[in-house]
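Peer 1: got a sequence here, can you model it:
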Amino acid sequence: MNKKDLFLGFIIGIATTILGSYLFITFFTDFKFIAGIQIMKSQGNLGKIITLGSILTLIEFGVLLKMNKEMMARGVVLAVITVALFTLFI
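Peer 2: Coordinates of the predicted model:
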């Protein structure tokens, strides 16, 4: 059960980061999502976009802790660490 909750929290954390990046690109730039990703990557700003997208995981982390879902919250933290390492190598 614990590994399942950890994995579910990881998936939720990654999905929330993608959703946050999508929302940032569509609302604050003039690009569509895929074109925005390609343009930001060519400009060297993709890591910054992904980092801004991770802000929603902070809210998710707080909600999971409030609901006493500690293992899922650990999965979210693991997702944030994975995204941070991913942005270092982009």
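Peer 1: pLDDT wise, what is the residue nearest the centre of the chain at?
Peer 2: The centre of the chain sits closest to residue 17, judged by CA atoms, centre = their mean, with a distance of 1.9 Å. Turning to residue 17, the model gives it a pLDDT of 93.
Peer 1: list the contacts for it?
Peer 2: Counting by CB atoms under 8 Å, 6 or more residues apart in numbering, residue 17 makes contact with 50, 53-54, 56-57, 79-80, 83. For every residue, glycine as well, the C-beta is placed using N, CA and C.
Peer 1: just the residues you listed now: which is nearest residue 5?
Peer 2: Minimum distance to residue 5 across the contacts of residue 17 is 13.1 Å, recorded for residue 79 (CB to CB).
Peer 1: what helix or strand is the closest one on?
Peer 2: If you go by DSSP states H and E, residue 79 is part of helix 70-88.
Peer 1: convert the C-alpha atoms of that helix to CSV, please.
Peer 2: Taking Å, rounded to 0.1, in the frame of the first residue of the first chain, the C-alpha atoms of helix 70-88 are listed here in CSV:
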residue,chain,number,x,y,z
GLU,A,70,2.0,11.5,4.1
MET,A,71,3.2,8.8,1.6
MET,A,72,1.5,10.5,-1.3
ALA,A,73,3.1,13.8,-0.2
ARG,A,74,6.5,12.0,-0.3
GLY,A,75,5.7,11.0,-3.8
VAL,A,76,5.1,14.6,-4.7
VAL,A,77,8.4,15.6,-3.2
LEU,A,78,10.1,12.8,-5.2
ALA,A,79,8.5,14.2,-8.3
VAL,A,80,9.8,17.7,-7.6
ILE,A,81,13.3,16.3,-7.1
THR,A,82,13.0,14.4,-10.3
VAL,A,83,11.8,17.5,-12.2
ALA,A,84,14.7,19.5,-10.7
LEU,A,85,17.2,17.0,-11.9
PHE,A,86,15.6,16.8,-15.3
THR,A,87,15.8,20.6,-15.7
LEU,A,88,19.5,20.5,-14.8
